[in-house]
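>>> need coordinates for the below:
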Amino acid sequence: MPGNETIGDALQKSSSFFRRCGIAEPRMEAEILLAALLNVDRLCLVVNHGQVLTPEETERFKDAVQRRSKGEPTAYITGEKYFYGRQFFVDDNVLIPRPETELIIDAVKQCLDRRKTLSSKRLKAADLGTGSGILAVTLALEFQLFSIWAVDISASALEVAQRNADFHGVRDRICFNHGDYFENLPRSGFSYPLDLVVANPPYLSQEDIKLLPVGIKAYEPLEALRGGEDGLDYYRKILAELPAYLNRPGFVFMEIGDGAKNNVEALFRASGLFSSLFWHYDLCGKPRVVEAESAN
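Just a heads-up that it's a prediction; the model follows:
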């Protein structure tokens with residue numbers, strides 16, 4: 001890409017390059033990268049398509065395009081991803097937020113709508129394996145009366161989550177805890193019991209990991225995806241530890257992988273902890289989030 005290129009020229013060339021590289025939706029990918037580089041929205045690119053890029057902007061965009069062409073996810077190049085309509089910072093220490101995970105927030109909303117007495121109470125919630133903090137931060141923004149503990153075994157992931165909490169102005173309502181799920185909660189001012197637990201645990205089996213596309217396998221943190229031989233190790237771990245921490249009644253919301261409904265449901269029922277299970281389905285009609293209520 002030589003100097004004195006306009007926005008329109010840069011987008012046309014990069015889109016053609018992406019198309020030759022086999023990247024899906026090449027024009028959109030190019031627009032996302034350039035908009036992030038210029039710190040504008042994509043509509044501004046259309047309105048200002050004749051604007052000439054500076055040599056520095058041209059070089060930075062060329063670098064971003066090269067990185068994307070080699071398979072690096074767009075979110076890691078731009079350093080951001082939207083979740084539940086809000087911007088979140090991401091880097092390669094955390095998984096890139098997926099749209100399916102938004103269903104956990106919807107499920108919590110529906111649960112509280114069905115139980116009006118709970119929506120006016122100060123509830124204690126925990127986000128196990130918070131990663132970039134998308135669930136903890138979004139819960140804090142959507143539910144002003146929640147007190148939230150956000151837990152992750154990765155100190156680097158917690159730094160990203162804390163940055164997102166600062167950005168959205170909810171740092172004072174989230175207690176960040178470095179540990180393995182419930183392990184260190186008692187040391188962080190945690191008071192029993194929890195009214196609500198959300199989690200998107202690692203749920204890929206060993207076979208699933210082998211089949212991951214390069215854009216995930218080469219760039220995203222695989223430890224946040226590996227769920228053991230059958231993909232269920234972390235469901236077992238959470239369910240085994242949960243009785244000591246969950247209120248009665250209390251509520252649990254967990255995301256699951258494709259085809260895991262029967263096995264996950266069997267684990268929940270075998271725990272003997274819950275009086276009811278309810279499934280939430282994604283836009284493709286697949287069961288994606290299990291909602292469980294503990295027995296009184």
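
>>> which parts of the helix or strand of the chain with the lowest mean pLDDT are buried?
In the chain, the helix or strand scored least confidently by mean pLDDT, DSSP states H and E is helix 116-119, which has a mean of 69. By 16 or more other CB atoms under 10 Å, the buried positions in helix 116-119 come out as Leu118. Backbone N, C-alpha and C define where each C-beta goes, glycine included.

>>> now swap in stretch 274-281 and tell me
Applying a neighbour-count criterion of 16+ other CB under 10 Å, one finds Phe274, His280 buried in stretch 274-281.

>>> so what touches it?
103, 106-107, 110, 249, 252, 261, 265, 268-269, 287-296 (CB atoms under 8 Å, 6 or more residues apart in numbering).

>>> with just CA atoms, put the least confident helix or strand of the chain into CSV.
Extracted C-alpha coordinates of helix 116-119, given in CSV (Å, rounded to 0.1, in the frame of the first residue of the first chain):
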residue,chain,number,x,y,z
LYS,A,116,-40.1,-10.2,41.2
THR,A,117,-39.3,-10.4,44.9
LEU,A,118,-35.6,-11.1,44.1
SER,A,119,-35.2,-8.1,41.7
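
>>> right, and the helix or strand after it?
The first helix or strand that comes after helix 116-119 along the chain, using DSSP states H and E, is strand 124-128.

>>> quick one: list the elements packing against that next one.
helix 134-142, strand 147-152, strand 194-199 (3 or more CB pairs under 8 Å, 6 or more residues apart in numbering; DSSP states H and E).

>>> give me the angle between the first one and strand 194-199.
What separates the directions of helix 134-142 and strand 194-199 is an angle of 130 degrees, with axes from the mean of the first three to the mean of the last three CA atoms, to 10 degrees.

>>> now the angle from helix 134-142 to strand 124-128?
Orientation of helix 134-142 against strand 124-128 (the same axes, to 10 degrees) gives an angle of 150 degrees.

>>> the strands in the stretch 151-296 of the chain, which residues?
Using DSSP state E, counting those that start in this stretch, the strands of the stretch 151-296 of the chain run over 174-178, 194-199, 246-255, 274-281, 287-294.

>>> and the helices in the stretch 151-296 of the chain?
Secondary structure of the stretch 151-296 of the chain, counting by DSSP state H, counting those that start in this stretch: helices at 155-167, 206-210, 214-217, 233-241, 261-271.

>>> among the ones you listed, which is nearest Glu56?
Taking CB to CB, helix 155-167 is the member of the helices of the stretch 151-296 of the chain nearest to Glu56, at 25.7 Å.

>>> circling back: a markdown table for the strands of the stretch 151-296 of the chain, including distance to Val137?
Converted to a markdown table, these look like this (distance: least, CB to CB, whole Å):
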| stretch | distance to Val137 |
| --- | --- |
| strand 174-178 | 7 |
| strand 194-199 | 12 |
| strand 246-255 | 16 |
| strand 274-281 | 21 |
| strand 287-294 | 18 |
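
>>> nearest to Leu145, out of the ones you listed?
Closest among those, using CB to CB: strand 194-199, at 10.5 Å.

>>> least reliable of the helices of the stretch 151-296 of the chain by average pLDDT, please.
Mean pLDDT is lowest for helix 214-217 among those, at a mean of 90.

>>> would you mark the buried spots in that helix?
Using 16+ other CB under 10 Å as the test for burial, helix 214-217 gives Gly215, Ile216.

>>> distance between it and the chain's centre?
17 Å (CA atoms, centre = their mean, to the nearest Å).

>>> residues touching that helix, excluding its own?
Contacts for helix 214-217 (CB under 8 Å, 6+ apart): Gly71, Glu72, Pro73, Ile209, Leu225.

>>> quick one: the helices of the stretch 151-296 of the chain as CSV, columns for distance to Phe146 too.
Shown next, in CSV, are the helices of the stretch 151-296 of the chain (distance: least, CB to CB, whole Å):
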stretch, distance to Phe146
helix 155-167, 13
helix 206-210, 33
helix 214-217, 31
helix 233-241, 19
helix 261-271, 23
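
>>> nearest to Ala24, out of the ones you listed?
The minimum distance between Ala24 and the helices of the stretch 151-296 of the chain falls on helix 214-217, with 10.9 Å, by CB to CB.

>>> what's the most buried one of the strands of the stretch 151-296 of the chain?
Most buried of the strands of the stretch 151-296 of the chain, by mean neighbour count (mean count of other CB atoms under 10 Å): strand 194-199, with a mean of 23.

>>> name the helices or strands packed onto it?
Judged by 3+ CB pairs under 8 Å, 6+ apart, strand 194-199 is in contact with helix 102-114, strand 124-128, helix 233-241, strand 246-255.

>>> give me whichever of the ones you listed is most buried.
The highest mean neighbour count among these, using mean count of other CB under 10 Å, belongs to strand 124-128: a mean of 26.
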